[in-house]
Every structure is written in structure tokens, then in C-alpha cells.
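mind looking at a prediction? Sequence and model below.
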Amino acid sequence: MLIFAHRGASGYEVENTLAAMEKALQLNVQAIELDVYNVEGELYVFHDRRLENKTSGKGLVHLSRKDAINKAKIKQHSIPTFWQVMSLINGRCIVNIELKGYHTAMPVIEMYPALISQLNFTQAQLLISSFNQPYLAQVKQHFPEARVAPILSGVPLNYAESVTQLGAYSIHVDIHFVTHEMVKDAHQRGAKIYVYTVDVPEDIQALKALGVDGIFSNFPDKAADALLSQNANEDHQHWFG
């Protein structure tokens, strides 16, 4: 199973900061997940819709000015730009770029070639995900070979059909809604299925038994340890429905 460091190693350092990304790299993670917002044409790595939830700033992130974002502090940390984070990672692992805010598709599309030509990423190391499926369709329109992934927080009537519609590489499912049927349908469509956000060892083992291809975890090192454990029991076959 592929383990994504969720918002960097966010169990150890402040999420989506350079410190969280550096910690993830120190843990030799296979993959890192991060979130991006568009602020006056600049992509910033941040998760929440509003600044005051986690920073010294105030207001909606996407309606802020760049100078306000640059001044806002998450504890002692600054909100990094997308390019700063990608420059730090520099092709050392897979990166899942979640298009979180409004109007994030086109800036990522514009930067996509430079991520490969200037920052040592391969196409296989870049995975672009979003709840906003039209954004993913935009990415595929410009770069048909790009890896994209719809994110689900529920069980659609047609399970993983969006994979086929988008030509997606993977589908990302909330742990509260992952089912045997969803896993089977994703695999039949030739897609990976990754589950978020998973930190409990028993859940990790149960998902492994279910056949999912990867997880997002705030503690990627502990998740890796849980995968090595042989404590999975027969009850896990009924863990998810």
C-alpha cells in the first residue's frame, strides 16, 4: 500500500508548512499530499477555507491579498507558496496536489511543465486530485497523460464511474464511506483506490485486507509500521460493510 503523508507529516509538524514537508522527507515517505489555493494568481499551500481557523490572519483565503497571506502565521510558520513546497520536495517522492480552492486548475496547468523540466519530477510522480471534477477535466484537456483523481465523501449510485469519465488514475475515498463495492468497481475500471485520513492501526490493517491501494495518514511512519503488523484478524473482513 502507498502511504501519503497527509498535508506533510502533519502529525509531527504544522500541516502544509515547509516544516511538515521536510519532516515527511526525513521519514523517507513514498508520497506527500498537499492542498492549494489561488490568491491573486499565486498558488499557496493551505487547507482551510478561512484564515482565522488556523492562522493569525482573517477572512476567506481565496478573497485575500497576497500581502495578507504572506503576513499570516500558522504558529511560527509562514504559509508557503506551492512553488516553494515543490522546490523543497524536488522530485524526491510522489506529490498529490489537491485543488482545494476556486480557480486552482489553470495555475497548476500552467506550472505543470515546469514541475517536470525544472524540479525533477516525473509525470508519474504528480497526481492532481479534487472534489471539483470539472477542474480535473480541465487538467486532462491540457495534459491527457496527467494523473488525476476525483475525491469522494460519500457513495455515488455508480460507485467509481467518475474514474471512467475522467480517465482518472485513482479515486480517493473518505474512510467513512469506503465499501467492498467501491474497491471492486475502482479496480474493475483499472484505477487505484486511496483512502483518507487513516491513523488507527486497526483501520490500516482492515483497509489492507479490503484491498485498497493506499492511504493518507498524518503519521506516515506509524502507518508503515501498522502495515507490517500481522495482527489483522477475521473481523476485518466485515470492517467496512
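Thanks, I have the structure now. Owing to the predicted nature of the structure, the values given are computational and were not obtained by experimental measurement. Numbers count the residues shown, from 1 in each chain.

can we go C-alpha only for contacts and neighbour counts from here?
OK.

where do the strands sit along the chain?
Taking DSSP state E to define them, one finds strands in the chain at 2-6, 31-39, 42-45, 73-74, 77-78, 94-99, 126-130, 147-152, 170-174, 192-196, 214-217.

only alpha carbons, please: show the longest one as PDB.
Provided in PDB are the C-alpha atoms of strand 31-39 (Å, rounded to 0.1, in the frame of the first residue of the first chain):
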ATOM      1  CA  ALA A  31       4.300  10.300  -1.200                       C
ATOM      2  CA  ILE A  32       3.100  13.600   0.200                       C
ATOM      3  CA  GLU A  33      -0.400  15.200  -0.100                       C
ATOM      4  CA  LEU A  34      -0.900  18.900  -0.100                       C
ATOM      5  CA  ASP A  35      -3.700  21.500  -0.700                       C
ATOM      6  CA  VAL A  36      -3.600  24.600  -2.900                       C
ATOM      7  CA  TYR A  37      -5.500  27.900  -3.000                       C
ATOM      8  CA  ASN A  38      -5.200  30.600  -5.700                       C
ATOM      9  CA  VAL A  39      -4.600  34.000  -4.200                       C
END
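
distance between that strand and the chain's centre?
Between the mean C-alpha point of strand 31-39 and the mean C-alpha point of its chain there is a distance of 8 Å (CA atoms, centre = their mean, to the nearest Å).

what is it packed up against?
When contacts are defined as 3 or more CA pairs under 8 Å, 6 or more residues apart in numbering; DSSP states H and E, strand 31-39 packs onto strand 2-6, strand 42-45, strand 94-99.

for the strands of the chain, which one sits closest to Lys66?
strand 31-39 (6.2 Å; CA to CA).

and the contacts of stretch 156-166?
Taking CA atoms under 8 Å, 6 or more residues apart in numbering as the criterion, the residues outside stretch 156-166 that touch it are 136-137, 140, 148-150, 168-171, 181-182, 185-186, 189, 191.

same thing with stretch 11-26?
Counting by CA under 8 Å, 6+ apart, 5, 7-10, 32, 34-35, 45-47, 74, 77-80, 85, 88-89, 92, 218-220 sit against stretch 11-26.

pull out the buried members of the residues you listed.
Applying 16 or more other CA atoms under 10 Å to those, the neighbour count classes 5, 7-10, 32, 34-35, 45-47, 74, 78-80, 85, 89, 92, 218-220 as buried.

tell me the pLDDT at the spatially most central residue of the chain?
Centroid-nearest residue in the chain: Glu33, 3.6 Å away (criterion: CA atoms, centre = their mean). According to the predicted model, the pLDDT of Glu33 comes to 98.
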